[in-house]
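Engineer: quick one, what's the 3D model for this:
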Amino acid sequence: MVVVMSPEATDEDVAHVVARVEEVGGEAFVSKGVLRTIIGLVGDIESFHHLNLRTLRGVADVHRISDPYKLVSRQHHSDRSTVWVGPAGHQVPIGPDTFTFLAGPCAVETPSQTLEAAQMAASAGATILRGGAFKPRTSPYAFQGLGLRGLEILADVREATGLPVVTEVVDARDVAVVAEYADMLQVGTRNMANFGLLQAVGDAGKPVLLKRGMTATIEEWLMAAEYVAQRGNLDIVLCERGIRTFEPATRNTLDISAVPVVQATSHLPVIVDPSHAAGRKDLVVPLSRAAIAVGADGIIVDVHPDPETALCDGPQALLGTDLRALASAVRRLPPVVGRVDAGERIRTS
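Structural biologist: Predicted coordinates for the structure are as follows:
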C-alpha cells in the first residue's frame, strides 16, 4: 500500500502517518520527492484499512498495490496450478500445458438420457462428465433438477463410463451429500457471491469449479475464489461463462479476454463455457475454437441425445454434426498452442 501526501503536508503530518502505521505493526518507508512525499507501507493490509488513512491530515490519496486475494494470486504463487479431478487411480488434470474437455447434459433427466449423453461426450474426447442434479433456474416453474436421484444417476454413469463427475451444488446444506457423489463441486453464476456456500464447498475436500457471476468483475470473481481458498482448499478451477451486457444477440457476452487476464493474475486454472455464453448451438464450436486459441485450460460444453425434448437449455446442446465439429477442434487445435490432451496425462497410480 502507498500513501501519497499532499504538497502542503508538513513533516509532522508525515510523522503522524508513520506512527499510526507502526502502531498496528506495520512498517513505513518515506520517500520525499520535489513536489510531494510518498510513504510505502508493508504489513497487514486489513489493519491499514482500519486506520482510515485517507482521513489523516496531509494525506492526498491511498493506493493498494498488492492483490486483495492473497491465496489465489500469482504474487506469492508464481507457477500456475494443476487441479486433479477424480478418484485415486483415475485423476484428470486441469491446468497449464494440458487441455481438458468437460461435457455432458445440462440437466440429468433419466438414466438412459444421462448415459447416452456421457457416451456422446466420451466419444467426442471429453474426460470429465458434467451434469446437473440441482438446477437453479430463473423461473420457479422451470425444471429444478432431480436432486438426490440425479446424483445417484451420475454415480451410476460414472461407474459405467469411467468419467469423473462435476455437478452443481446450490445450497450449503446440500454440500455434504453432493460431495458423496461428485468428484468436483460446481458453484454456478447465480451463487458466485453466496459466501456461505463458498465456505462450505471449501470445507468439503473436493475440487471446486467456480463460475463467474454474470455481472461480476474479475476482481470480484477472484475474491469469491479466495473464500474457498481461505478454507484450506486451493483445488479451484475458474470458469468464464459469459457476462451480461447490453448486447441481446447472444444469451451472454463471452469475455474471452478474461482468460489471459486471470491467468496473469491468478495461479488457478481457467476454463470456458461456450454453451452458456452463447445459448445457441451454432456458436458453441466457434467460441470453443476461440477459447482454445486464447489459452484456456479447457472447455465445458452441453451435449444431449435429443435437444428438442431437453428439460434445460436444449437450444445450446450439441449432437450429430455439431458435436463432430467440436470433437475435431478439440483434437486438432490444442497442440497448435502447445497443449496436450488431458486424457494423455490421467494419473492411474
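Engineer: what residues sit buried inside the strand or helix carrying V62?
Structural biologist: Element membership of V62, judged by DSSP states H and E, is strand 59-63. Neighbour counts over strand 59-63 (16 or more other CB atoms under 10 Å) mark 59, 62 as buried. To be clear about C-beta, it is placed using only N, CA and C from the backbone, and glycine gets the same treatment.
Engineer: could you do stretch 65-77 as well?
Structural biologist: 67, 69, 71-74.
Engineer: which residues outside it are in contact with it?
Structural biologist: 1-2, 45, 80, 219, 222-223, 225-226, 229-230, 234, 236, 264-268 (CB atoms under 8 Å, 6 or more residues apart in numbering).
Engineer: L51: neighbouring residues, count only.
Structural biologist: 18 (other CB atoms under 10 Å).
Engineer: residues touching the residue lying closest to it once chain neighbours are set aside, list them.
Structural biologist: Of all residues not flanking L51 in the chain, R20 sits nearest, at 5.3 Å (CB to CB, 6 or more residues apart in numbering). Contacts for R20 (CB under 8 Å, 6+ apart) come out as 51, 53, 56.
Engineer: show me the shaky parts of the stretch 51-200 of the chain.
Structural biologist: The stretch 51-200 of the chain contains no residues with pLDDT under 70.
Engineer: helices of that one, residue ranges please.
Structural biologist: Ranges of helices within the stretch 51-200 of the chain are 111-123, 148-161, 175-181, 195-203, based on DSSP state H, counting those that start in this stretch.
Engineer: three-state assignment of the most centrally placed residue in the chain?
Structural biologist: The chain has L238 as the residue nearest its centroid, 1.6 Å off, counting by CA atoms, centre = their mean. Assigned state for L238: strand (three-state reduction, DSSP: H, G, I helix; E, B strand; the rest coil).
Engineer: from D255, how far out is it?
Structural biologist: Per CB to CB, to the nearest Å, L238 is found 12 Å from D255.
Engineer: what touches both of those two?
Structural biologist: R212.
Engineer: which residue ranges of the stretch 1-150 of the chain form strands?
Structural biologist: 2-5, 27-32, 37-42, 59-63, 83-85, 92-94, 98-104, 128-130 (DSSP state E, counting those that start in this stretch).
Engineer: would you turn the ones you listed into CSV with distance to L163?
Structural biologist: Listed next are the strands of the stretch 1-150 of the chain as CSV, based on distance: least, CB to CB, whole Å:
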stretch, distance to L163
strand 2-5, 50
strand 27-32, 52
strand 37-42, 48
strand 59-63, 47
strand 83-85, 10
strand 92-94, 9
strand 98-104, 8
strand 128-130, 4
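Engineer: T321: which of the ones you listed is closest?
Structural biologist: strand 98-104 (15.9 Å; CB to CB).
Engineer: for that closest one, C-alpha coordinates in CSV please.
Structural biologist: Output of strand 98-104 as CSV, limited to C-alpha atoms (Å, rounded to 0.1, in the frame of the first residue of the first chain):
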residue,chain,number,x,y,z
THR,A,98,-2.9,-29.6,-20.9
PHE,A,99,-6.4,-29.0,-22.4
THR,A,100,-9.3,-30.6,-20.6
PHE,A,101,-12.7,-31.2,-22.3
LEU,A,102,-15.7,-31.4,-20.0
ALA,A,103,-19.1,-32.3,-21.5
GLY,A,104,-22.5,-33.7,-20.7
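Engineer: would you mark the buried spots in it?
Structural biologist: Per 16+ other CB under 10 Å, strand 98-104 contains these buried residues: 98-104.
Engineer: re the thing from before, which among the contacts of stretch 65-77 end up buried?
Structural biologist: Burial by neighbour count, 16+ other CB under 10 Å: within the contacts of stretch 65-77 this picks out 1, 45, 80, 222-223, 225-226, 229, 234, 236, 265-268.
Engineer: narrow the residues you listed to those in strands?
Structural biologist: I236 (DSSP state E).
Engineer: what's the burial count for H50?
Structural biologist: So H50, with other CB under 10 Å, has 9 neighbours.
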